[in-house]
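S.K.: based on what follows, work out the 3D shape:
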Amino acid sequence: MAEILHILSISVGALLAAFFIAAIIWLYVRDITQKKHAILRNYPIVGHLRYFFESLGEYFRQYFFLNDREEMPFNRATRAWIYRLAKKEGGNIGFGSTYRLQEPGALIFVNAPFPILDEERTPTPPLLIGEGYCTHPFLARSLFNISGMSFGAISKPAVQSLSRGAALAGCWMDTGEGGLSPHHLEGGCDIIMQIGTAKYGVRDEHGKLSVERLRELAAHDTVRAFEIKLSQGAKPGKGGVLPGAKVTEEIAHIRGIPAGEDSLSPNRHYDINNIGELLDFITRVRDITGKPVGIKTAVGGWYFANDLCEAILRRGFDSAPDFLVIDGGEGGTGAAPQALADHMALSIDEALPRVADALFESGLKPRIRLIASGKIVTSARVAWALSCGADFVNSARGFMFSLGCVQAMRCHTNTCPTGVTTHDARLQRGLVIEEKYLRVANYCTSLCQEVDMLAHSCGLHHAREFRREHVRIVQPSGRSEALSTLYPYPLRSNP
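M.R.: Residues are numbered from 1 along each chain as shown. The predicted structure follows:
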């Protein structure tokens, strides 16, 4: 019996060896005969090591080679700070900061010699949106809110966690252009319903705006406002992109499109060709819904904001959008062509103060609430945006980090390892709603507390008192300049 087993083991070993040799020969022949890859053609078999190490390169850089302030789009220090806030571990550090105060673009706030005492502080007040111009104005309570991320671009448990967390924190949640899902409504938070260029969620069978569907959505008490998306920072000049692998039956039903096919929005609204038609569309949606209506757009220059303000002044304040969301060219959470993501539209650093100036100079700033968006995830950047003239700040990727995102850069592949941007049930299992919604709320409330802390250190009673003179920005020379010097308030304004 032992001899038989010995012979069998030798036979199995020989068979495996033969199979291994045959596989090597097959791989060798395939490599030297294929025509797509020069390295494999010249270095068969071993050439595969090059592609293997290349695929691992970004992970080695992220965890072993880049320092805490080097990685893009968000460095390790920023991500770790968000994780600490989300876990309610505090934003304290020891032994000094690694933030480079001499680096061009660094933010420095002007501390007051006699800061505000605890008993002198006042709560940061909420602001009404659309007051006097629509039937149901929206009282927005939080400075910091969840930017548009469509159900489809992000997963069901991600939407559910964000909805519950937003309700707990008192901030609003933007649906993104993918339409309103039951998961957005689940938490009972304030919702801004975005109307994208494809009219997902509010379209009829021909893809045009449905009055009936608009009224149906407006009937939800928690749908507080509607946002007309002209463009976004990740892909200005191009509509939304959702790969077919992520278009499930449920998502297809909500959007009104076929399942399993790429969801490609047009690069603009077919029924909005100029500013006049834009203002007409705003008025129409506001009349149908009775709720505030705003615009989201990235900007490439000053002409849009100036032309918009001039058109409103000619028509009257009734024609104005109730809010204006400015997205920076550095924004973006989902799939986008790299040419657009890298090079199209102004950064929020330049766009926001210029748009604010147009509103100040035209006298429209009290009428139109200004919202900043685009890679703003820290309290310092929120305070900077408020100093520029923003009334609120929206963030998408900051809240993704609060959900556990590790910046794997796989949002568009349906293979997100943390379950945030995938519809693979196995991967979604890692995102536990009962845990993550608390982190969403912690991140929002803790960040707002830090913004108030910065305000108090500047001698302000609350964060809405920030002005441009409270911020300095380091220049290439290494010296800082006041934001009010770099972007002086218009002479005719009263900020």
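
S.K.: can you tell me, leaving aside adjacent residues, what's nearest to the residue nearest to the spatial centre of the chain?
M.R.: For the chain, residue 396 is the residue whose C-alpha lies nearest the centre (C-alpha atoms, centre = their mean; 2.8 Å). Leaving aside its chain neighbours, residue 396 sits nearest to residue 147 (4.0 Å; criterion: C-beta to C-beta, 6 or more residues apart in numbering). The way it works is simple: take the backbone N, C-alpha and C, and place the C-beta from them, glycine included.

S.K.: please apply the same query to residue 252.
M.R.: residue 259 (3.9 Å).

S.K.: test my guess that residue 195 contacts residue 210.
M.R.: No: look at residue 195 against residue 210 with C-beta atoms under 8 Å: they stay out of range, at 10.8 Å.

S.K.: quick one: the strands in the stretch 51-200 of the chain, in order.
M.R.: 107-109, 127-129, 138-140, 144-146, 172-174, 190-195 (DSSP state E, counting those that start in this stretch).

S.K.: any idea which of those strands gets closest to residue 320?
M.R.: Comparing the strands of the stretch 51-200 of the chain against residue 320 with C-beta to C-beta, the closest turns out to be strand 127-129 (11.8 Å).

S.K.: how distant is that closest one from the center of its chain?
M.R.: 22 Å (C-alpha atoms, centre = their mean, to the nearest Å).

S.K.: tell me which residues of that strand are tucked away?
M.R.: Using 16 or more other C-beta atoms under 10 Å as the test for burial, strand 127-129 gives 127, 129.

S.K.: show the average pLDDT along that strand.
M.R.: Strand 127-129 shows a mean pLDDT of 97.

S.K.: and if you look at stretch 411-428?
M.R.: Mean predicted confidence for stretch 411-428 is 85.

S.K.: hmm, who's touching it?
M.R.: Applying C-beta atoms under 8 Å, 6 or more residues apart in numbering, the external contacts of stretch 411-428 come out as 153-158, 241, 243, 245-246, 248, 251, 333-335, 400, 403-406, 408, 410, 429-431.

S.K.: let me know the secondary structure of residue 309.
M.R.: Using DSSP: H, G, I helix; E, B strand; the rest coil, the secondary structure recorded for residue 309 is helix.

S.K.: and residue 327, how many neighbours?
M.R.: 32 (other C-beta atoms under 10 Å).

S.K.: return the residues in contact with it.
M.R.: Residue 327 touches 231, 232, 233, 296, 297, 298, 345, 348, 373, 374, counting by C-beta under 8 Å, 6+ apart.

S.K.: in strands only, show me those.
M.R.: 296, 297, 298, 373 (DSSP state E).

S.K.: now those residues in JSON lines, with pLDDT?
M.R.: Formatted as JSON lines, those follow (pLDDT from 0 to 100):
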{"residue": "296", "pLDDT": "96"}
{"residue": "297", "pLDDT": "93"}
{"residue": "298", "pLDDT": "90"}
{"residue": "373", "pLDDT": "94"}
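
S.K.: between the strands of the stretch 51-200 of the chain, which gets nearest to residue 380?
M.R.: Using C-beta to C-beta, those put strand 107-109 closest to residue 380, at 5.3 Å.
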